[in-house]
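Let me see the structure of the following:
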Amino acid sequence: MNNWVGMTEEQAGIVQKARKRVIESIGKNMDLYGVTLSTGHLYGMMFFQDKPMTLDEMGEEMGMSKTSMSTGVRTLTDLKMVHKVWEKGTRKDLYEVEPDWYQTFADFFVIKWQKSIEMNVQALRKSAAELKRLTESDPDNEALQNIVATDTSKLEEAIRYYLWLGRLIDTFESGEIFKLVPKEEPQPDSH
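As a prediction, this is how the structure comes out:
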């Protein structure tokens with residue numbers, strides 16, 4: 001898959017070593033995304049490719065089965081880190097890495113945190129409603145009223161946090177986050 005024409009064996013070896021270091025690092029850090037080490041290595045390997053790859057090509061490059069590659073690519077596709085591309089004259093599915101790491105992170109953040117927000121806000125609101133009904137059933141019980149008031153205050157603060165987090169997610173979805181925290185611009189070569 002790599003075009004080593006015009007390089008000495010030593011130069012190609014140095015490039016391969018540098019790539020392997022990055023691929024290993026990416027693989028180890030992909031647990032942040034809930035991705036296995038081997039899927040992280042797949043992503044790292046694809047990162048260095050200069051053209052889209054088929055599952056067969058990935059399997060050959062990684063020394064793994066097409067089934068393993070399919071599972072890994074599906075995971076990476078679901079996370080919007082890899083996408084399917086069309087190429088004229090090719091019948092097999094081709095995949096390439098999403099080149100915009102900023103967008104990849106934004107998509108991942110949105111996917112993961114939206115689920116978390118929905119689940120947690122639902123639990124918080126259900127608990128708050130149950131506690132309210134409990135206090136209404138025994139309004140003269142001072143101990144109960146105090147405990148429920150304290151818990152309700154904590155639940156309301158948690159709900160406010162998740163509503164804030166929802167607004168933060170909106171900035172990732174809209175791209176507004178990049179106005180607040182601009183992307184790093186490529187630095188001109190100083191050669």
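
need the contact list for residue 23.
Counting by C-beta atoms under 8 Å, 6 or more residues apart in numbering, residue 23 touches 41, 44-45, 47-48. From N, CA and C alone the C-beta is placed, and that goes for glycine too.

Where does the residue located most distally from the centre of the chain sit: helix, strand or coil?
In the chain, counting by C-alpha atoms, centre = their mean, residue 140 sits farthest out from the average C-alpha position, at 50.1 Å. Of the three states, residue 140 takes coil according to DSSP: H, G, I helix; E, B strand; the rest coil.

Low-confidence regions, this protein specifically.
1-2, 190-191 (pLDDT under 70).

separation between the nearest residue to residue 109 once chain neighbours are set aside and residue 146?
Nearest residue to residue 109, sequence neighbours excluded (C-beta to C-beta, 6 or more residues apart in numbering): residue 172, at 5.5 Å. Residue 172 sits 40 Å away from residue 146, taking C-beta to C-beta, to the nearest Å as the criterion.

more neighbours, these two?
Using other C-beta atoms under 10 Å, the more surrounded residue of residue 172 and residue 146 is residue 172, with 19 against 10.

And that one, which helix or strand is it part of?
Secondary-structure element containing residue 172, defined by DSSP states H and E: helix 142-174.

chain center to that helix: distance?
The chain centre lies 25 Å from the centre of helix 142-174; the measure is C-alpha atoms, centre = their mean, to the nearest Å.

And stretch 89-98, by the same measure?
Per C-alpha atoms, centre = their mean, the centroid offset for stretch 89-98 relative to its chain is 21 Å.
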